[in-house]
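> Here is the input, now give the coordinates:
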Amino acid sequence: MFAALGISALVGYLLGSVNFAVLVAKKHGIDILKEGSGNPGATNVKRVLGKGPGNLVFALDVLKGFVGAGMPTLVGYVIISQNIPLDVPGSIFILGVLGSVFSLGVACFVGTLLGHCFSCFLKFKGGKGVASTIGGLLLLLPVPILIGATLWGIVFLLSRTVSLASLVLGLSLPVSCWVLPLFTKLTFSPAEFWFAAAIAAFNVWTHRSNIGRLLTGTENRFVKKA
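Down below sits the predicted model:
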């Protein structure tokens, strides 16, 4: 079990370390690490290069998180559907924990998120991980992340501040896991609740510099052009 979790996290980390903001900006002749805020994420690309490249990076980061969270399930399905023998390296680990797909998905997704934020290809620098979080949680916690994404949109439209909207999204995840069972038939295990809480805490930590600027009123905002 621990070997499978470790392999999943490692594969996820390598996937997450591929930074699309850097790659897309480079195609436009820009070193995104030296432009704008210097953050290799979709928001900074959008600020520096415009909506097209920024939205492309956002979509790719969402896809990266989605693939990271879903990879263990896909590998397990391939092993079963193709009748791959158990002596093939890696297959025994996956099949041994198919009863705990959520745990494997979490391990691979967490690895992807860490790779995105601390890429081994960028001297352990990276983005804030919001887009990748959305992609991964569409599989792992679909209802809470859809609520969070809706809140993100509302807060952004009202404040024009991406970091504030992202903080609200992250903090809403454990709240949704706690409140939804009180008013709906949805249920969340303790593992899912604490996973959501950990994601929220990590989101706050990665936005710590933004929080400081929000408190001083110096945070960057997307202001509509006349």
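
> what separates the helix or strand encompassing G115 from the chain centre, distance-wise?
Element membership for G115 (DSSP states H and E) is helix 101-117. Using CA atoms, centre = their mean, to the nearest Å, the mean C-alpha position of helix 101-117 is found 9 Å from that of the whole chain.

> following that helix, which helix or strand comes up?
Counting by DSSP H and E, what follows helix 101-117 is helix 130-140.

> Now do that following helix: which elements does it pack against?
Judged by 3 or more CB pairs under 8 Å, 6 or more residues apart in numbering; DSSP states H and E, the packing partners of helix 130-140 are helix 51-81, helix 101-117, helix 142-159, helix 162-183, helix 190-206. The way it works is simple: take the backbone N, C-alpha and C, and place the C-beta from them, glycine included.

> how many degrees apart are the longest one and helix 101-117 in direction?
Translated: helix 51-81. Taking axes from the mean of the first three to the mean of the last three CA atoms, to 10 degrees, one finds helix 51-81 and helix 101-117 inclined to each other by 150 degrees.

> Packed most tightly, which of the helices and strands packed on helix 130-140 would that be?
helix 101-117 (a mean of 25; mean count of other CB atoms under 10 Å).

> okay, that helix in CSV with CA atoms only?
Extracted in CSV, the C-alpha atoms of helix 101-117 (Å, rounded to 0.1, in the frame of the first residue of the first chain):
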residue,chain,number,x,y,z
VAL,A,101,-8.8,4.4,-5.4
PHE,A,102,-9.5,7.7,-3.5
SER,A,103,-6.3,7.3,-1.5
LEU,A,104,-4.2,6.7,-4.7
GLY,A,105,-5.9,9.6,-6.4
VAL,A,106,-5.2,11.8,-3.5
ALA,A,107,-1.5,10.7,-3.4
CYS,A,108,-1.0,11.3,-7.1
PHE,A,109,-2.9,14.6,-7.0
VAL,A,110,-1.0,15.9,-4.0
GLY,A,111,2.2,15.0,-5.8
THR,A,112,1.0,16.9,-8.9
LEU,A,113,0.2,19.9,-6.8
LEU,A,114,3.5,19.9,-5.0
GLY,A,115,5.3,19.5,-8.4
HIS,A,116,3.3,22.5,-9.7
CYS,A,117,4.2,24.7,-6.8
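
> Turn the helices and strands packed on helix 130-140 into a markdown table, including mean pLDDT and distance to F222.
Compiled in a markdown table, these are given as follows (pLDDT from 0 to 100; distance: least, CB to CB, whole Å):
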| stretch | mean pLDDT | distance to F222 |
| --- | --- | --- |
| helix 51-81 | 85 | 10 |
| helix 101-117 | 89 | 22 |
| helix 142-159 | 96 | 8 |
| helix 162-183 | 96 | 7 |
| helix 190-206 | 95 | 19 |
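
> Looking at these, which is nearest to S8?
helix 101-117 (4.1 Å; CB to CB).

> Mind giving me the packing neighbours of the closest one?
Using 3+ CB pairs under 8 Å, 6+ apart: helix 101-117 touches helix 2-16, helix 51-81, helix 130-140, helix 190-206.

> What residues does H28 make contact with?
By CB atoms under 8 Å, 6 or more residues apart in numbering, the contact list for H28 reads 49, 53.

> so what pLDDT did it get?
pLDDT for H28: 95.

> Any chance of the backbone angles for it?
Note on H28: its backbone torsions stand at phi -100, psi 10 [degrees, to the nearest 10].

> can I see the domain layout of this protein?
1-128, 141-226 (automatic domain parsing).

> okay, those in TSV with distance to I134 next?
Output for those, formatted as TSV (distance: least, CB to CB, whole Å):
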stretch	distance to I134
domain 1-128	5
domain 141-226	6
